[in-house]
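In: Need the 3D shape of this:
(chains A and B)
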There are 2 protein chains.
Amino acid sequence: MALIEAEILDGGGAVRLGWSDGVAARFHAIWLRDNARDAKTRDAGNGQRLISLADIAGDIALTEASVGAGGVEVSFSDGHRTHLPADWLRDNRYDGAGEAGVWSPAVRLWRAGHAVARDELPRLQSSPAALRDWLAAIVRDGVARVSGVPTASGSLEEIVKLFGHIRETNYGRWFDVRSEVNPTNLAYTNLGLQAHTDNPYRDPVPGLQVLACLENSVDGGESSVVDGFAAIEMLRSEDRQAYDVLADHPARFEYAGSDGVRLRSKRPIIECGPD
Amino acid sequence: MALIEAEILDGGGAVRLGWSDGVAARFHAIWLRDNARDAKTRDAGNGQRLISLADIAGDIALTEASVGAGGVEVSFSDGHRTHLPADWLRDNRYDGAGEAGVWSPAVRLWRAGHAVARDELPRLQSSPAALRDWLAAIVRDGVARVSGVPTASGSLEEIVKLFGHIRETNYGRWFDVRSEVNPTNLAYTNLGLQAHTDNPYRDPVPGLQVLACLENSVDGGESSVVDGFAAIEMLRSEDRQAYDVLADHPARFEYAGSDGVRLRSKRPIIECGPD
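Out: Numbering: from 1, shown residues only, chains lettered A, B, ... in the order given. As a prediction, the model looks like this:
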């Protein structure tokens, strides 16, 4: 989108930029100086910052701002002159953050009846487009299915390899869920499990979990999945006070394993970002 | 500590327990029912909960509470009767949370001149007491030194094995810091690095980092460590408004690697718990 307007505000303290579709945003002089992309400010090879915030005067001002070459050319009161691309500025604008909703636009809330996305492991391994769609479904819904996984312990590593790395824990690289005689975890029993969140006692909590069903020799054993975000949204709309209690007060979690492992954490049931 | 008093309050909604040293705390009927430790409520083998919150009436009340057998024996309006140990109740009391300070009592803030704890790898590997003291120093100060590490790439795995697991990332199981011709990271240059927090673009951020110096063929190369908590405490006491800006507004972080890796995150510079 083309940048068409640059107007210095507040005696050089900020600049107001306008794009051809009517979008406008203010940027502060100190933010622009800190985020300059030229070779004196950032390493050309890796983009990492070469200056310190302490190198920038607290009262730095813009002395000139003009639209040109697909962006804006700005000069600062310390003599620095730099060019910032219009697209980068648009992607990184911070003015008007009040537009943000409660839920990321990338997230879709769902209820019973939702069709969970599904694909085959061999296709995910050979088709980048299929993998992209499958990963996008996980971002959107929080869950997706995959079939065609080899029926061998640890074969879920093949799934993780598609997009990331296994986070090893006290359970090892993976956790074999099986029926045991003296279970140290309810997952080792044939008892039905209620809807739950795994590993709340771990800090940090798991980012994404992979469950692979290798064998089921009995009747039953279905897995059910709940959209916790949808549950939170229901609570938020029906009982804001209860929602606030769960968001504003920490709960304690603890795991005591038979092998001397003891994990504890404390966090609210509902964790919110500051925006 | 001996429990000496149990008094039912609010028509059975809660009980007030008193210990022999004068400590007292209230516990709600619903919390006590949910946290009962008997075999009908929790699996005897692994301590995991066998009942659901939905199984407990919202208006459940205590009908009886008496001190005895190193704890308290309580009866509920649903007929359930259970014994809760005095020590467990004392450890898990939630009444009077207002006592909590800004910083965990386990944390010590420090400034320049602080002597960082130090031990030798072979001693940490052979002495559980030495390992305990060294890990306690990390919890207290956020940092500790270790010498006697073999000068081979990846030997820091020996340190991690003492207490946990390596979290693999796009950099692999460890990151070889070395001088390179076309650096994709400032760590690959011989430029001095400012005080910084590693990997803010990662979600979750690193919990604990291990840096092992294997070889330094030039002058310089000293490492410096800053107590970020002490810096935050200084800011909090000197400029509460600036502290609130950093705690209440998210910042964006990004890493773009040469190998197609792109990591982004958004979080406040200062993250606080709800208490």
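In: low-scoring stretches of the stretch 1-150 of chain A, by residue?
Out: Along the stretch 1-150 of chain A, the parts satisfying pLDDT under 70 run over A:46, A:97-100.
In: As a check, name the ranges of all helices in it.
Out: Counting by DSSP state H, counting those that start in this stretch, the stretch 1-150 of chain A has helices at residues A:29-34, A:86-91, A:121-126, A:128-141.
In: In stretch A:38-50, which of the residues would be classed as buried?
Out: Residues of stretch A:38-50 classed as buried by neighbour count (16 or more other CB atoms under 10 Å in any protein chain shown): A:41, A:42, A:43, A:45, A:46, A:48. (Each C-beta comes from the backbone N, C-alpha and C, glycine too.)
In: Among the residues you listed, which one lies nearest to residue A:88?
Out: Residue A:88 lies nearest to residue A:42 out of the buried residues of stretch A:38-50, by CB to CB, at 12.1 Å.
In: hmm, back to that, which of the helices of the stretch 1-150 of chain A sits most buried?
Out: Most buried of those, by mean neighbour count (mean count of other CB atoms under 10 Å in any protein chain shown): helix A:29-34, with a mean of 20.
In: neighbouring contacts of that one?
Out: A:12-15, A:41, A:49, A:51, A:53, A:56, A:58, A:60-62, A:74, A:76-78, A:80, A:82, A:84, A:94 (CB atoms under 8 Å, 6 or more residues apart in numbering or on different chains).
In: ok, back up a step: just the ones of the buried residues of stretch A:38-50 in strands?
Out: Among the buried residues of stretch A:38-50, no residue falls in strands (DSSP state E).
In: In TSV: those residues, plus distance to residue A:270.
Out: As requested, the buried residues of stretch A:38-50 are exported to TSV (distance: CB to CB, whole Å):
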residue	distance to residue A:270
A:41	40
A:42	38
A:43	40
A:45	42
A:46	37
A:48	35
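In: With respect to residue B:146, which of those residues is nearest?
Out: Nearest member of those to residue B:146, counting by CB to CB, is residue A:48, at 28.1 Å.
In: thinking again about what came up before, which of the contacts of helix A:29-34 count as buried?
Out: A:12, A:14-15, A:41, A:56, A:60-62, A:74, A:76, A:80, A:82, A:84.
In: Walk me through the domains of chain A.
Out: Chain A breaks down by automatic domain parsing into domains covering A:3-91, A:118-268.
In: Low-confidence ranges, the stretch 151-275 of chain A, go.
Out: A:179-192, A:258.
In: which residues in it form strands?
Out: All strands of the stretch 151-275 of chain A, identified by DSSP state E, counting those that start in this stretch, fall at A:250-256, A:262-268.
In: Now tell me what touches the last one from outside.
Out: It stands for strand A:262-268. Contacts for strand A:262-268 (CB under 8 Å, 6+ apart): A:170, A:200-203, A:205, A:246-256, B:273-274.
In: That strand vs strand A:250-256, what angle?
Out: Here strand A:262-268 points in a direction 160 degrees away from that of strand A:250-256 (axes from the mean of the first three to the mean of the last three CA atoms, to 10 degrees).
In: Parallel or antiparallel, list what pairs with strand A:262-268.
Out: If you go by DSSP bridges, strand A:262-268 pairs up with strand A:250-256 (antiparallel).
In: List the contacts of the partner strand.
Out: By CB under 8 Å, 6+ apart, the residues outside strand A:250-256 that reach it are A:199-202, A:261-269, B:47, B:92, B:273-275.
In: re earlier: filter the contacts of strand A:262-268 to the buried ones?
Out: A:200, A:201, A:202, A:205, A:246, A:247, A:250, A:253, A:255.
In: one step back: filter the buried ones among the contacts of helix A:29-34 down to the ones in strands?
Out: A:14, A:15, A:62, A:74, A:76, A:82, A:84.
In: And those, which is closest to chain B?
Out: Checking those against chain B by CB to the nearest CB gives residue A:84 as the nearest, at 15.5 Å.
In: Was I right to think residue A:70 contacts residue A:89?
Out: No. Using CB atoms under 8 Å, residue A:70 is not in contact with residue A:89; the gap is 10.6 Å.
In: ok so, going back, in JSON lines: the buried residues of stretch A:38-50, plus distance to chain B.
Out: As requested, the buried residues of stretch A:38-50 are exported to JSON lines (distance: CB to the nearest CB, whole Å):
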{"residue": "A:41", "distance to chain B": "13"}
{"residue": "A:42", "distance to chain B": "10"}
{"residue": "A:43", "distance to chain B": "6"}
{"residue": "A:45", "distance to chain B": "6"}
{"residue": "A:46", "distance to chain B": "5"}
{"residue": "A:48", "distance to chain B": "5"}
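In: Closest one to residue A:158 out of those residues, please.
Out: Distance to residue A:158, by CB to CB, is smallest for residue A:46 among these, at 31.7 Å.
In: can you tell me which residues contact the closest residue in space to residue A:74 that isn't next to it in sequence?
Out: In this structure, residue A:74 finds its nearest non-sequential neighbour in residue A:65, 4.9 Å apart by CB to CB, 6 or more residues apart in numbering or on different chains. Residue A:65 makes contact with A:6, A:7, A:8, A:15, A:72, A:73, A:74, A:75, according to CB under 8 Å, 6+ apart.
In: how does it look with 7 Å?
Out: A:6, A:8, A:15, A:72, A:74 (CB atoms under 7 Å, 6 or more residues apart in numbering or on different chains).
In: Measure how buried the second one is and give me the count.
Out: Using other CB atoms under 10 Å in any protein chain shown as the criterion, residue A:8 is surrounded by 17 other residues.
In: Return the set of residues that bridge with it.
Out: Bridge pairing for residue A:8 - DSSP bridges - gives residue A:15.
In: who's in contact with stretch A:6-15?
Out: A:16-17, A:26-29, A:61-63, A:65-67, A:72, A:74, A:77.
In: Repeat the analysis, applying 8 Å as the threshold.
Out: A:16-18, A:26-29, A:32, A:61-67, A:72, A:74, A:77.
In: Stretch A:199-212 too?
Out: Contact with stretch A:199-212 is made by A:138, A:149, A:155-156, A:159-160, A:164, A:167, A:169, A:177, A:197-198, A:223, A:253-255, A:263-265, A:267, B:203-204, B:207, as judged by CB under 8 Å, 6+ apart.
In: Buried ones among those residues?
Out: A:149, A:156, A:159, A:160, A:167, A:169, A:253, A:255, A:263, A:265, A:267.
In: number of nearby residues for the residue lying closest to the fourth one once chain neighbours are set aside?
Out: In this structure, residue A:160 finds its nearest non-sequential neighbour in residue A:166, 5.2 Å apart by CB to CB, 6+ apart. Other residues within reach of residue A:166, judged by other CB under 10 Å, total 17.
In: what do you get for residue A:199?
Out: 18.
In: Now for residue A:224, how many residues are close by?
Out: 9.
In: residues in contact with it?
Out: Counted by CB under 8 Å, 6+ apart, residue A:224 has contacts residue A:195.
In: What distance do you get for it to residue A:218?
Out: The gap separating residue A:224 from residue A:218 is 17 Å, by CB to CB, to the nearest Å.
In: Repeat that for residue A:112.
Out: In terms of CB to CB, residue A:112 sits 25 Å off from residue A:218.
In: need the residues of the stretch 1-150 of chain A near chain B, please.
Out: A:43, A:45, A:46, A:47, A:48, A:50, A:52, A:92 (CB under 8 Å from any CB of the partner chain).
In: isn't the last one right up against residue A:17?
Out: What it means is residue A:92. No. The pair residue A:92 / residue A:17 is not scored as a contact, 11.5 Å apart, by CB under 8 Å.
In: Comparing these two, which residue is more hemmed in?
Out: residue A:17 (24 against 14).
In: for the more buried one, what are its contacts?
Out: Contacts of residue A:17 by CB under 8 Å, 6+ apart are A:3, A:5, A:6, A:24, A:25, A:26, A:27, A:72, A:86, A:89.
In: Give the closest residue to it in space, chain neighbours not counted.
Out: That would be residue A:6: by CB to CB, 6+ apart, it lies 5.6 Å from residue A:17.
In: Look up how far chain B lies from that neighbour.
Out: Relative to chain B, residue A:6 is positioned 23 Å away (CB to the nearest CB, to the nearest Å).
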